[in-house]
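Peer 1: Kindly return the folded structure for what I paste below:
(chains A and B)
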Amino acid sequence: MTLLSILDIGLAAIVLGVAAWTVLARDTFGAVVGYVAYGLLVSIVWVRLYAPDVALTEAAIGSGVTGVLLITAATRLSGNRTEADRGLSIKVPAALLSLLVTATLAAAVLLLPDNAPSLAPAADQGLAATGLGNPVTAVLIAYRSFDTMLEKIVLVLAVVGVWSVAPDRFWGGAPAPLGRPAPQGDLVLLAKALTPIGILVGLHMFWVGADEPGGAFQSGAILAAMWIVVMMARMAGPPRINARWLRLTLVAGPAVFLAVGLAGPRMAGAFFAYPVSVAKPIIIVIEAFMVLTIAATLPMLVAGPPSRKSAP
Amino acid sequence: MTAAIDLFSVVAIGAGVFFFFAGAVGLLRFPDSLTRLHALSKADNLGLGLVVLGLLSRSGSLQEALKLVVVWALVQISGAAASQMIGRALRLEGTRK
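Peer 2: Next up is the predicted model:
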């Protein structure tokens, strides 16, 4: 057995251990911390599986942004906690359901044929027509562009869902500020030092995403994280939800994507088809607007529903 | 020359791993949150710094080396800020009790 396979087995064991710890943790905050650690470990697993795109997404979204969301949720829930024991009538069916899902997944993995059917060669062949170098970006924005556009719409719908739980009198107002009210010199310093670098890294990741690991989702997540840091340091409050620029930014990605898709029949003869000669510029434009939407959506999900009156 | 570079990086990375190990032991064994924080920040600062130093001599290009240094610097900034915040949260909790 090589050293590398020993390390892989160790990594898998730690992932399982942290997963079990997360499920078994008694308090919400502990479970969230376990979940974030789990996400980081899983992203290392993706690196070992030679899937750097997935690793970046897992680290940025699965662990980073979802972690912030869950920590915010845990803090909000801690005020009115009801740790009542749910009783066996809920626990037993929940455990059975979890076991069933796990067994199905395990069976699906174990029953895979040795030569799993793959579309990878076909995806590689079509790569030249898109003008891209990264097959993952080609799959997301060209081969299955309709699905990707619908995913962005789901993100916007999630924000609408969060906003819709606001009381009527706060509609159009701003969400409550994040973080603590006390002056936090360290967090302000972090926001000032990290944000310019983070914005640069985010834009870089969007730009290289055409040819190397990266892309709209990872880039948008990093930009979103920068906005969240700035809001947590209280250097800028969450915007009013009826601000026109915010609404436009939220719908920009799917709207531009859909417009390009509708222009497809005229440009290239099919819904969501791109003319080969300008495929790459079109893809870059779509991705740029998707970065904007993702960078605005995720912080709005973290900020929560409006809780202050809108300015007159 | 290559033997000297190899020796240097092995020693530096080895020392870095030692600091991470010591930090992990401290995190598990120290009695309260502030001392655990102390152990952890040492691992972050020195451990990662030494590992990066060891890897620098093995990096293929200037760009690669700069990336390593930037990674270290970013971890420094965020680690220092996080340690300060945890420390202050602990102090606030202490005065409230």
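Peer 1: where does the chain dip in pLDDT?
Peer 2: Going with chain A. Applying pLDDT under 70 to chain A picks out residues A:79-86, A:182-183, A:310-312.
Peer 1: not what I meant, chain B
Peer 2: Scanning chain B for pLDDT under 70 picks out B:95-97.
Peer 1: Tell me the residues of it that contact chain A?
Peer 2: Contact residues (CB under 8 Å from any CB of the partner chain) of chain B with chain A: B:74, B:77, B:78, B:80, B:81, B:84, B:85, B:88. In this view, the C-beta of every residue, glycine as well, is placed from N, C-alpha and C.
Peer 1: now, which of those sits nearest residue A:190?
Peer 2: Closest approach to residue A:190 among the residues of chain B next to chain A (CB to CB): residue B:81, at 3.8 Å.
Peer 1: Okay, and which of the residues of chain B next to chain A map to helices?
Peer 2: Judged by DSSP state H, the residues of chain B next to chain A include B:74, B:77, B:78, B:80, B:81, B:84, B:85, B:88 as members of helices.
Peer 1: residues touching the second one, list them.
Peer 2: Which is residue B:77. With contact taken as CB atoms under 8 Å, 6 or more residues apart in numbering or on different chains, residue B:77 is in contact with A:190, A:193, A:194.
Peer 1: Is there a neighbour count for the last one? I'd like the number.
Peer 2: Around residue A:194 sit 20 other residues, with neighbours defined as other CB atoms under 10 Å in any protein chain shown.
Peer 1: ok, then the element right after the host helix or strand of it?
Peer 2: Taking DSSP states H and E as the criterion, residue A:194 maps to helix A:185-208. Once the chain leaves helix A:185-208, the next helix or strand it forms, by DSSP H and E, is helix A:216-232.
Peer 1: so how far is that next one off the chain centroid?
Peer 2: The chain centroid and the centroid of helix A:216-232 are separated by 10 Å, computed with CA atoms, centre = their mean, to the nearest Å.
Peer 1: who wins for neighbours among the ones in helices among the residues of chain B next to chain A?
Peer 2: Using other CB under 10 Å as the neighbour test, those are led by residue B:81, with 22 neighbours.
Peer 1: can I assume that residue is in contact with residue A:189?
Peer 2: Yes: shown here, residue B:81 and residue A:189 form a contact pair, counting by CB atoms under 8 Å, at 6.5 Å.
Peer 1: From residue A:236, how far out is the nearest residue to residue A:171 once chain neighbours are set aside?
Peer 2: Residue nearest to residue A:171 in three dimensions, not counting chain neighbours: residue A:306, with 6.7 Å by CB to CB, 6 or more residues apart in numbering or on different chains. Distance, residue A:306 to residue A:236, using CB to CB, to the nearest Å: 16 Å.
Peer 1: So which of those two has more stuff around it?
Peer 2: Legend: neighbour count by other CB under 10 Å for residue A:306 and residue A:236, higher for residue A:306 (24 against 11).
Peer 1: what about that one, distance to residue A:30?
Peer 2: Using CB to CB, residue A:306 is found at 30 Å from residue A:30.
Peer 1: Make sure residue A:288 is indeed in a strand.
Peer 2: No: assigned with DSSP: H, G, I helix; E, B strand; the rest coil, residue A:288 falls outside any strand and is helix.
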